[in-house]
Structures are given as structure tokens and as C-alpha cells.
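Enquirer: attaching a predicted model along with its sequence, questions to come.
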Protein chains: 2
Amino acid sequence: MDQEKKLPRRAMIKAAAISATAAFVGKVNLPATEQPTNDDPTKIQGTPPGKVGTRSPFEQPSKKASDISGRTPLQDLYGIITPSDLHFERSHAGVPAINPDKYELLIHGMVERPMIFKLKDLKRFPAISRIAFIECSGNFRSGKETMTPQEICGLTSQSEWTGVMLSTLFREVGVSPKATWFLAEGSDAAVMTRSIPVEKGWKDAMIAYGQNGEAIRPEQGYPARLFLPGWEGNMNVKWIRRIELSDQPFMTREETSKYTETIKDHKIRQFSFDMDARSIITYPSYPQEVEKGWIEIRGIAWSGRGKIERVEISTDGGKHWQYARLQEPVLDKAHTYFRYLWHWDGSPTEIMSRAVDDTGYYQPFLKQLIDARGAEMGGYHLNPVTSWLIERGGRVLFKPEKWK
Amino acid sequence: MDQEKKLPRRAMIKAAAISATAAFVGKVNLPATEQPTNDDPTKIQGTPPGKVGTRSPFEQPSKKASDISGRTPLQDLYGIITPSDLHFERSHAGVPAINPDKYELLIHGMVERPMIFKLKDLKRFPAISRIAFIECSGNFRSGKETMTPQEICGLTSQSEWTGVMLSTLFREVGVSPKATWFLAEGSDAAVMTRSIPVEKGWKDAMIAYGQNGEAIRPEQGYPARLFLPGWEGNMNVKWIRRIELSDQPFMTREETSKYTETIKDHKIRQFSFDMDARSIITYPSYPQEVEKGWIEIRGIAWSGRGKIERVEISTDGGKHWQYARLQEPVLDKAHTYFRYLWHWDGSPTEIMSRAVDDTGYYQPFLKQLIDARGAEMGGYHLNPVTSWLIERGGRVLFKPEKWK
């Protein structure tokens, strides 16, 4: 925060001077208390507390995108926490209604002691909390200029997840040293299943029952889900009811006909788990408009492979790049908020961000993805640099790029 | 998280073995998919996405405490983020309904350029986000054994706050070097006012308009509030509409007749800003019950003066103390989650936690507060060690201590 102090004072004054509304007040009149109007909230007794709080009626966010998905309205949000009711959702047969008292998780297969855990059993084990993102591997859309960050990549969200480490449960059931994969099965009507390398289970997988301080929300797997930090969303099986240890993958529908990527030479990339580093400028973005002068460019960057090392910003269509300021805390496998103070002279231009993670990986341009995977590449794991066009009048438009 | 791996495996097995419900499964039958019942969620198409998500109908948290306050249900929560709709609230004339397009913040008094900022002006300045708590200085209740953490100290909550540094606005209006105090005035019907040393404004005060990723909630000051990290809640003026710079405090009602503490010898302590270090065990606590065996003691610790350095736990009524494990991230002036794995032998006992912050301050026992301030001490800034009595059968009760 000390960086604020380093901003040149002249710049700040100018920022206000060109603002359409911030106004110098030549002579200060009596405070508004002395000047009641119909709009004066000090003249009306306010609302007493309710059982839970509510949003202002002036705030009407929406995540709904279709009958199978909801997308986080990134362009309307601040910071790194996604409100739980705006977390993206993607389900294959809707959200099941599960009675937590009847919930059971079976762990069996290549284990010494197959066991069934009720929710209260899971909660009794030592727990951890972790702020991290989940992103759908199909999180890229393009095609027209009037697309918002929500439409382009709103299938990523971040929560503080709480639960038991899967490694704790693995020790409990005595996973065989010969087990190399496990199946995770959901209790939705799609009976979502995925195969996961057992190493991930020992390393950092969780069975999460808490989200942003409270019970996990139904859309995110109530009462418990698998959480695989940094790995594609679909594998983080929601409403998890069964884990089966094996010495081979299970080749389920969701890793054979779906969630595989066509690449060059008619090849298919299967079991592509990690979500690569990515960023998006959420302000300014469509449908926002800007005014000439100082603009704080804002957005989020994240990587499924580690921490965000830096975010680079170009305000001239990619010719020059500068470092954005990263908002602390910068966490592992987590959305990281970035900011970059820019003086816009009013000329049409193109702004973009690219993330670099602590493995040294650079977020690619779409062209680089095409070069690597071929024009026939599929729609999963696309993390290209996103550009916004700023028109002379301050209108901001997405710069869609086609690849097929 | 690596610490999980260090837990002795025998301990973990024992934890499950004594659990009433976790069950060994001798022979694994067909998975539940093959055994449909009326309760089987896999046989019913689930719910499609809504505009926003909802809680499970099995989760019915409530913060409502009275017509003037709501308290965070700490005993039901996990981690460090408080869901925005469960953030505590304390208002002096209810929650005003404010149209953000009509919102204005006036800064005047000992400044070069008195100015009025609209909400869009505030949002245009360079911003910061910060995860930190707000706690009411009257956050202590005692009196009977059947009190929950929510009732004892539910007037503390934590959010990720986003806004503009007040120092940025101070530079904008040109605060006089002779100004030593400022008045913050809210636009609720109580027209809440407090005097604040100007140093706090230069150091880390914010005008916050974002909370946990979205617009600040009405109960927390929509569309903008003053946020003074670590200082008593009441000074963090909500619905802020006016800041007046001066060279002396304003001696408002809320710092003379209220929010001052009676201490020894008929003296009054005024302008006690910082919230001292504190902790509370939220599990196990009343009305929870526990079983013999391994119990993860969990809770939160915080300090308005810095970071939590450590949390010490006693499971024998204060005779011996051990260090709890602190959950990362441990942030400045923020709720920090702690955990301590304890084997309960089933005997009646008393458990408690005490926080130590990075200034070296130890959370006091009530007796120490009485020794320092006298039995006539008032009800503000009480942060005593909280004890829970565990009865032979596993019932958990608050240990209330009287001081007058």
C-alpha cells in the first residue's frame, strides 16, 4: 500500500481535474443534515437487521448463462474472493439436492480397509483452508466485439475452501502402494466420473465441505466435493460419493469423448490436468466506457502450476510492456489481482495483459497456441492473451480473434 | 499442508476407529448407482443455474440478534472469510437505502480545495484490496453457560475490502499540515460521527466500496464506508458522506457519552482506538458436543495492532500451554485461523486459547483486565481469554466469569 504514496501528486490532481463529476466546492454550504430533501437518508429510520444480509437493490449481479452453466461476472467484481452465489457453475445434470445427514463417501478398491465416511466423520479429521481458484478447462469464448470478461472467461472463480486432505483419508483406508489412479464419482444424475493420478491425492487434493467461511454451496458440490488445486474444473468432482483406487485410469466418458483436446496431425491430447497461467483485464473492458486521463487498469491473473510471478501490460497493442502491481496476498494456484496506472491520451489503442507464473511460463498469444497445437485444436485449455480495443470516444470493445 | 503428513498414522486410524459412524466395509457391494432408492440423487435431474446461487435448504444460518445488531455465527463457520450476508452489523438508526448515483462524499475543513466525490470518482482512483477484520469495541458478553461464540463475541467479522486509500483523497484536496483530526460523518438517520487522528488517514485508512469481491453490502455501508484497519468498529463510519479536517477532536456523542471506558478511580478512558489481540475457540464450543478421542480444536485469533504471532492452547484449565498451528495466510490486522489436534481421554476438563501478536502482547485473562482497569471497568475493549468446559459426556459449556 505504500506504493500509493509514491504516485506523483500532480498526476492525482490531474486525475480529478479531468473527471466529469468530482467538483471543487468554492464555498462550503451547510452540511446536508441541514438541507433535508426527499432523498436525504438521514431523515428516514433505516432497516433493522435480518436473519441474513441482502444486496442493495441497486446491485443485481447475474451469473446465469444457460441451462447448464453460470459464469462469474468478472467485469463487476473487485479483489480475489468470488461471492459464493456468483461462483461459476457447470453441471452435467443439474444440481442435486442432498441431505447432509444421509451423505456418504465410500473409499474402496486397492486399499487395506474400504470405508464409508459420513459428513461428520469428514469434519472430524484435521482440516485445512486454502484460497484458490477453480477453472473449467473449456473457459474460452470468442467471436464478437461485444463480449464481456464474463462471456470470454467467466468459468473461473475463487473461494476459500475448507476440508480434509485426501492424503489423510488415504492413510485411513490404507491405500495400496501399487495404486496409481483413483476414480472420483459424483452423486449427481450424470454420475460424473474422472480418473485422477494417485500422486495428486497424496500431494494436495482435498475433500472440501467449506466455501468462503460457510458450508459449500449446492452448485459447488454440497455437502462435499473433490478439490484438486490448479487442475481442470471438471475433475474437481462435486457431490462426491465414491473414490476407487486402481492401478490404471478408468477411461470414463469425461476423459475420452470429452475433456480431451484435438491437436495437430489428428492427435488427441488426453489427461491434460493443469490449468496454465492466464490473465484478463476486467477494467476497462466491455461494456465499460472510459474517459481520457488517468485510468487504473485492473484484472486478475492465475496459474494452476504455481504463483503468479508477474503480469505485464501493454497499452499500445503489444509493442511495449510494463509490469503491473500485484495486490498482496499473492497465493499459490490462486487468482491474483493486478493494477496498472495508465494515462490515456484519448487516441484509439489496444490494451492487453499477459501473466507469467513462477515456473517461468508466459501466457501465450492465440497465434502461439495455434502454432503449437495446429489450427484444428479443440476448445479446451485455451488461455490466450485477451485484448481490448479502446475507441476514441472511450468505448471499450473485445478484440476477437478467429482460429477456425 | 505438509504438516498433515506428519500426523502419526496410528493416531489417524484410532480417530476413525472410535468414531460412531465411520465404518469399515467388509465386502464392498455394488456402488449406489446400482441400488436406487428414493433418496438417490443420481435418479433425479438436478436444478439448473439461477441468476445467483443459493444455500442448501439444510443450511439456515442467522446473524439476527436484536433490532439494532446482528452477530456472526462464528461457531458455524470455517476459515477467515465471513460470508457478506453473515457479517456482523450494529447500527444506530438502521440501514439507510442509498442510491449510488446520488451518493456524494464531501471533504472540507482544513484543506486547500474542498471537494465533493461521487461514487464513480472514488472508483476511478487507484485502489487497493485488503483482507482484514472489523470488530465492535463492545464485543464481549458473558453471564451464562449456554452461550455460543456468536453470543460471546460475534461482533467481529472479516472481509476482503476494496477501495481508495484515504491518503489519496487527502492529497487530492490538499490537507493542511496543521490538521490533526478529522471528522467522519455517516448518512444514516443517526448521522454517526467520530473524530479520527489525521495520522490514521495518512497511514492506512480506506474509503471502501467493495466487500468480498462485490459492492459493499448495505449493512456494511453501501455504497461506501470508512475502513480503519484494526480500530474499533464504530469509527469505521458506514455510509460515509462527509470528512472535515480540523486541528482538534470534535467531541461527538459517540466518543464522549458512548465508546469511552470507565476505569479505576472514576476515570474514563477516551479515544481507545486499537482493538487488542484476542482469540476464541469456535470448535468445540457451545452448543456442540464431542466424542472421546482425537479432536481438532479450531478457532480464530486476531489483533488490531499487527499480525498474530502465535496462539497458545490449554486443555487442562490453564496449567499447560501448547502452540496451535496457524493456517496460512497469516495477515496483518486479520482473523487468523488456528488448529490444534488434541486427544481427549473423556475426563471433564477446561480448554482455552490465548493469542499473542507481533508486538509481544498477550491476550489477558479477565482477572488481568480487572487488575489493570478496576472492577468498575466498562464494557468496551474487553478481550479476555475464553474458556470452554467439557463435561464427561462430551457436552461443551461456556465458562462465564463475572466481574461485577
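Expert: Right, received. Where do you want to start? Numbers count the residues shown, from 1 in each chain, chains lettered A, B, ... in the order given.
Enquirer: show me what contacts the closest residue to A:Leu169 other than its chain neighbours?
Expert: Using C-beta to C-beta, 6 or more residues apart in numbering or on different chains and skipping the chain neighbours, the partner closest in space to A:Leu169 is A:Ile107 (6.1 Å). Backbone N, C-alpha and C define where each C-beta goes, glycine included. A:Ile107 makes contacts with A:114-117, A:169-170, A:172-173, A:242-245, as judged by C-beta atoms under 8 Å, 6 or more residues apart in numbering or on different chains.
Enquirer: in TSV: the residues you listed, plus pLDDT, secondary structure and neighbour count.
Expert: Below are those laid out as TSV (pLDDT from 0 to 100; DSSP: H, G, I helix; E, B strand; the rest coil; neighbours: other C-beta atoms under 10 Å in any protein chain shown):
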residue	pLDDT	secondary structure	neighbour count
A:Pro114	98	coil	19
A:Met115	98	strand	20
A:Ile116	98	strand	18
A:Phe117	98	strand	27
A:Leu169	98	helix	26
A:Phe170	98	helix	20
A:Glu172	98	helix	24
A:Val173	98	helix	24
A:Arg242	98	strand	24
A:Ile243	98	strand	27
A:Glu244	98	strand	22
A:Leu245	98	strand	23
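Enquirer: so is the residue nearest to A:Leu169 in a helix, a strand, or just coil?
Expert: When classified by DSSP: H, G, I helix; E, B strand; the rest coil, A:Ile107 comes out as strand.
Enquirer: hmm, back to that, looking at the contacts of A:Ile107, which is nearest chain B?
Expert: Using C-beta to the nearest C-beta, A:Pro114 comes nearest to chain B of those, at 4.2 Å.
Enquirer: how about the closest one: what's its closest non-neighbour residue?
Expert: A:His108 is the one closest to A:Pro114 (C-beta to C-beta, 6+ apart), at 3.7 Å.
Enquirer: before we move on, the earlier item: distance to A:Tyr209 for the contacts of A:Ile107 - can I get that in TSV?
Expert: TSV is the format used below for the contacts of A:Ile107 (distance: C-beta to C-beta, whole Å):
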residue	distance to A:Tyr209
A:Pro114	21
A:Met115	17
A:Ile116	16
A:Phe117	11
A:Leu169	13
A:Phe170	17
A:Glu172	16
A:Val173	18
A:Arg242	16
A:Ile243	15
A:Glu244	21
A:Leu245	22
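Enquirer: per-residue confidence at A:Gln35?
Expert: In this prediction, A:Gln35 carries a pLDDT score of 43.
Enquirer: which regions of chain A lie under the pLDDT threshold?
Expert: A:1-38, A:403-404 (pLDDT under 70).
Enquirer: domain ranges for it, per the record?
Expert: A:69-269, A:278-398 (automatic domain parsing).
Enquirer: just say which of those is most tucked in.
Expert: domain A:69-269 (a mean of 21; mean count of other C-beta atoms under 10 Å in any protein chain shown).
Enquirer: and the closest residue to A:Cys153 other than its chain neighbours, how far from chain B?
Expert: Nearest residue to A:Cys153 in three dimensions, chain neighbours excluded: A:Asn139, at 5.0 Å (C-beta to C-beta, 6+ apart). In this view, A:Asn139 and chain B are 16 Å apart by C-beta to the nearest C-beta, to the nearest Å.
Enquirer: can you check A:Tyr337 too?
Expert: 6 Å.
Enquirer: for that residue, what are its contacts?
Expert: A:78-80, A:298-300, A:326-327, B:129.
Enquirer: so it lies in a helix, does it not?
Expert: No: under three-state DSSP, A:Tyr337 falls outside any helix and is assigned strand.
Enquirer: not counting sequence-adjacent ones, nearest residue to it?
Expert: Using C-beta to C-beta, 6+ apart, the closest residue to A:Tyr337 is A:Gln327 (4.0 Å).
Enquirer: can you check A:Pro229 too?
Expert: A:Lys333 (4.5 Å).
Enquirer: so that neighbour: helix, strand or coil?
Expert: coil.
Enquirer: so it sits against A:Phe227, correct?
Expert: No: in this structure, A:Lys333 is not within contact of A:Phe227 by C-beta atoms under 8 Å, at 10.6 Å.
Enquirer: now do stretch A:257-266: distance from first to last residue.
Expert: 14 Å (C-alpha to C-alpha, to the nearest Å).
Enquirer: ignore what I typed, I meant stretch A:214-231.
Expert: 23 Å.
Enquirer: repeat that for stretch A:201-217.
Expert: 23 Å.
Enquirer: could you check whether that stretch is close to chain B?
Expert: Yes: with C-beta under 8 Å from any C-beta of the partner chain as the criterion, chain B is reached by stretch A:201-217 at A:204, A:210, A:212-215, A:217.
Enquirer: dump stretch A:64-79 to CSV, restricted to CA.
Expert: Extracted in CSV, the C-alpha atoms of stretch A:64-79 (Å, rounded to 0.1, in the frame of the first residue of the first chain):
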residue,chain,number,x,y,z
LYS,A,64,-26.8,-17.3,-15.3
ALA,A,65,-25.5,-18.2,-18.8
SER,A,66,-27.5,-21.2,-19.9
ASP,A,67,-29.4,-24.2,-18.5
ILE,A,68,-26.1,-25.9,-17.8
SER,A,69,-23.8,-23.2,-16.8
GLY,A,70,-23.4,-20.0,-14.8
ARG,A,71,-20.5,-17.6,-15.4
THR,A,72,-18.9,-15.3,-12.9
PRO,A,73,-19.4,-11.6,-13.8
LEU,A,74,-15.7,-10.8,-13.6
GLN,A,75,-16.2,-7.3,-15.0
ASP,A,76,-18.3,-6.3,-12.0
LEU,A,77,-16.0,-7.7,-9.3
TYR,A,78,-13.2,-6.5,-7.1
GLY,A,79,-10.4,-8.4,-5.4
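Enquirer: chain center to that stretch, what's the gap?
Expert: Centroid separation between stretch A:64-79 and its chain, computed with C-alpha atoms, centre = their mean, to the nearest Å, is 10 Å.
Enquirer: that stretch near chain B at all?
Expert: Yes: Stretch A:64-79 reaches chain B (C-beta under 8 Å from any C-beta) through A:64-70, A:76-79.
Enquirer: same question, stretch A:235-243
Expert: Yes: counting by C-beta under 8 Å from any C-beta, chain B is contacted by stretch A:235-243 at A:239, A:241-242.
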